[in-house]
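# Need coordinates for the below:
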Amino acid sequence: MLASEQKYINGFISASAITDVFYIVNKHLKNKIATRELVKNHLIKTISIAAVDENTILEALDAEWDDFEDCVQYKVGESISADYIVTRNSNDFKDSK
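Here you go, the predicted model:
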């Protein structure tokens, strides 16, 4: 069980990453109804969604990271004062605090 599900931590996902999650889950399940239900009734009930707004995008563009998408995720984390980012590509966040 996830630490955020147990309320040990407050987990967040950026609004822009939800589409990626939906795509990956649906690619595996090949069932849009089941995918919608999983995202709606499990993912979103387990973790909160952090907004991606115009300011977030502008800050990411100004930061000039090699990977724009990762920079957007980082800027979202900054906007909610996240302590950590969970990633499998830690090198992509070498310019982060």
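
# I'd assumed Ile13 was in a strand, is it?
Yes. Assessed with DSSP: H, G, I helix; E, B strand; the rest coil, Ile13 lies in a strand.

# Now do the closest residue to it other than its chain neighbours, the pLDDT please.
Nearest non-adjacent residue to Ile13, counting by CB to CB, 6 or more residues apart in numbering: Ile47, 5.4 Å away. Just so you know, the C-beta spots here come from the backbone N, C-alpha and C atoms, and that holds for glycine as well. Ile47 is assigned a predicted lDDT (pLDDT) of 91.

# Name the helix or strand of this structure that has the lowest mean pLDDT.
When each helix and strand of the chain is scored by mean pLDDT, DSSP states H and E, helix 44-46 comes last, with a mean of 91.

# and after that helix, which helix or strand comes next?
strand 48-50 (DSSP states H and E).

# Which residues does that following strand contact?
When contacts are defined by CB atoms under 8 Å, 6 or more residues apart in numbering, strand 48-50 is touched by residues 10-15, 18, 76-77, 79-80.

# For these, work out which two are farthest apart.
Asn10 and Ile18 (17.1 Å; CB to CB).

# So those two - more neighbours on which side?
Ile18 (15 against 12; other CB atoms under 10 Å).

# List the contacts of the helix or strand in which the more buried one is found.
Assigned by DSSP H and E, Ile18 belongs to helix 15-29. By CB under 8 Å, 6+ apart, the residues outside helix 15-29 that reach it are 13, 32, 35-36, 38-39, 43, 49-52, 69, 72-73, 76.
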